[in-house]
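Enquirer: need coordinates for the below:
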Amino acid sequence: MSDMTNEQLVKHAVEAATNAYNPYSKFSVGAALLAKNGELFVGANIENVSYGLTICAERSAFCTAITAGCREFEAIAIVASSDTPPLPCGACRQVMAEFCDGKFEVVLASINNSEKIKVYSLDDLLPHQFEM
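Expert: The predicted structure follows:
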């Protein structure tokens, strides 16, 4: 288990959000994904003129981690350029459920007010995950 605090994780997510590609919405999102081995993977939203092809920051971070061979995760911080902490979309929640158990921590904060942090478990956000 890592000794990284939620505040530190949020700080990394805020840094990741600076790399967002968002020419259409101007809405920056950053994610910092903490692996159980202490490795950190970041992601930012990447928009496309065809909105359905947009990649969320959370899935960007998970794809980077999975590509690097990491499969076990402890927590993710998600921040957005909004006045309130963002909630992950349904697709991102289901991707989290693919690799994480219900106790996986989802830390949320606004870039504009990163001191106000909300923490949920994955079970809180997706109580009935799709399973095979």
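Enquirer: what segments of this protein are helices?
Expert: Assigned by DSSP state H, the chain shows helices spanning 6-17, 57-67, 90-99, 122-125.
Enquirer: tell me which of those sits nearest to S82.
Expert: S82 lies closest, by CB to CB, to one member of the helices of the chain: helix 6-17, at 10.9 Å. Using the backbone N, CA and C atoms, a C-beta is placed for each residue, glycine as well.
Enquirer: please enumerate the strands of the protein.
Expert: In the chain, the strands defined using DSSP state E lie at 29-35, 40-44, 73-80, 105-110, 113-121.
Enquirer: out of the helices of the chain, which gets nearest to A77?
Expert: Nearest to A77, of all these, is helix 6-17, at 3.9 Å by CB to CB.
Enquirer: gap between the helix or strand of the chain with the lowest mean pLDDT and the chain center?
Expert: Every helix and strand of the chain was ranked by mean pLDDT, DSSP states H and E. The lowest is strand 113-121, at a mean of 89. In terms of CA atoms, centre = their mean, to the nearest Å, the centre of strand 113-121 is found 12 Å from the chain centre.
Enquirer: now that strand and helix 6-17, what's the angle there?
Expert: Interaxial angle of strand 113-121 relative to helix 6-17 (axes from the mean of the first three to the mean of the last three CA atoms, to 10 degrees): 110 degrees.
Enquirer: need the strands of the chain in TSV (columns: mean neighbour count and distance to C56).
Expert: Shown next, in TSV, are the strands of the chain (neighbours: other CB atoms under 10 Å; distance: least, CB to CB, whole Å):
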stretch	mean neighbour count	distance to C56
strand 29-35	26	7
strand 40-44	22	8
strand 73-80	26	9
strand 105-110	23	13
strand 113-121	14	17
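Enquirer: got the ones you listed as CSV, with distance to C63 columns?
Expert: Below are those laid out as CSV (distance: least, CB to CB, whole Å):
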stretch, distance to C63
strand 29-35, 10
strand 40-44, 7
strand 73-80, 13
strand 105-110, 17
strand 113-121, 22
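Enquirer: great, nothing more from me.
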